[in-house]
Structure formats: C-alpha cells, structure tokens
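In: kindly return the folded structure for what I paste below:
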Amino acid sequence: METTYKYRVLYADTDAMGVVYYGNYLRIYEAARGGFLHKVGMPFSKMASELNIVCPVANAEINYHKPAYLDEDIVVRTRVVMLRGARMVFDQRIFNAKDELLNDIKVTVAFVDMEKRRPVKYPDIFDQVLSVE
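Out: Coordinates of the predicted model:
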C-alpha cells in the first residue's frame, strides 16, 4: 500500500536561496506519515487516546538528490516496508511535478506505551491493512 501527500512549498520552508531548508523535509515527511496512518484507520491521535501508544522516530536516513523550490508543488509517496514487533519502517520519497526524485528517507518509528515508556507490539489493525514482511 502506498499513499500520496500533495504539498506546496511555503516561504517558511525555504532558506535565503528559495530552496527548501534541509531540516524542513522532516516536517513534510511527518505530515505525510500522519496522512498514511489516517488512511489505514490508525492515526497518531487514535493510537494515543485509545491504545495509549505513541510513535517516536527511532532512526531516519535521508538522502538529498535535487532541491524543492518556493511555491513548487511536490508529492510525497509513503509506504511501510517493515512491520515487526515494536517497530515500523517507512520508505518515503518526494517528487516534483516532472516526477523527478528530489529526496528520499527511510524512517523507523517505535511503538511505545505512554505510561510505562516501554516498547510494545504494534496494533493488530496493521496486520489487516498492510502486507509487509
């Protein structure tokens, strides 16, 4: 399963050269992961309020290929490539209107019990909606 998240680059996203500041890609990717989780029926807010689970980022490996520019329309493609135990790994890629790869990231999130602050197994709903290893 893959979702797409459309985004227009804001002035606040850019540096003095009019390109997306490297750290702002993380925020855009976070928004796309949130959209992915909404689509599968388990948004971050539901995990927190109903299951007492939060999903902090444990690791992020990002690659910058080409810049995104002010007022440019970009698309983030998101998919889960691994779901095991207390971890889920996302593969995300940003493309411009010409379908050129601008940026990609592999993000590992952990499932953590909010009260115990300990890792917990991922929610069972993911078995029903995802087909990953």
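In: for the strand ranked longest in the chain, which outside residues touch it?
Out: Identified as the longest strand of the chain according to DSSP state E is strand 73-84. When contacts are defined by Cβ atoms under 8 Å, 6 or more residues apart in numbering, strand 73-84 is touched by residues 1-9, 28-29, 31-33, 35-36, 68, 88-97, 102, 106, 122, 126, 130, 132-133. Every C-beta, even on glycine, is put in place using the N, C-alpha and C of the backbone.
In: now do stretch 19-31
Out: 5, 7, 9, 13-15, 60, 62, 64, 67-70, 74, 76, 92, 94, 103, 105, 107.
In: now for residue 14, how many residues are close by?
Out: 19 (other Cβ atoms under 10 Å).
In: for it, which non-adjacent residue is closest in space?
Out: residue 70 (4.9 Å; Cβ to Cβ, 6 or more residues apart in numbering).
In: over to that neighbour: give its phi and psi.
Out: Per-residue torsions, residue 70: phi -50, psi 130 (degrees, to the nearest 10).
In: pretty sure it is touching residue 12, no?
Out: No. Using Cβ atoms under 8 Å, residue 70 makes no contact with residue 12, being 9.9 Å away.
In: can you name the residues that contact the residue nearest to residue 14?
Out: So residue 70 contacts 9, 10, 11, 13, 14, 18, 19 (Cβ under 8 Å, 6+ apart).
In: in the protein, where is pLDDT below threshold?
Out: 131-133 (pLDDT under 70).
In: longest single helix anywhere in it?
Out: helix 24-39 (DSSP state H).
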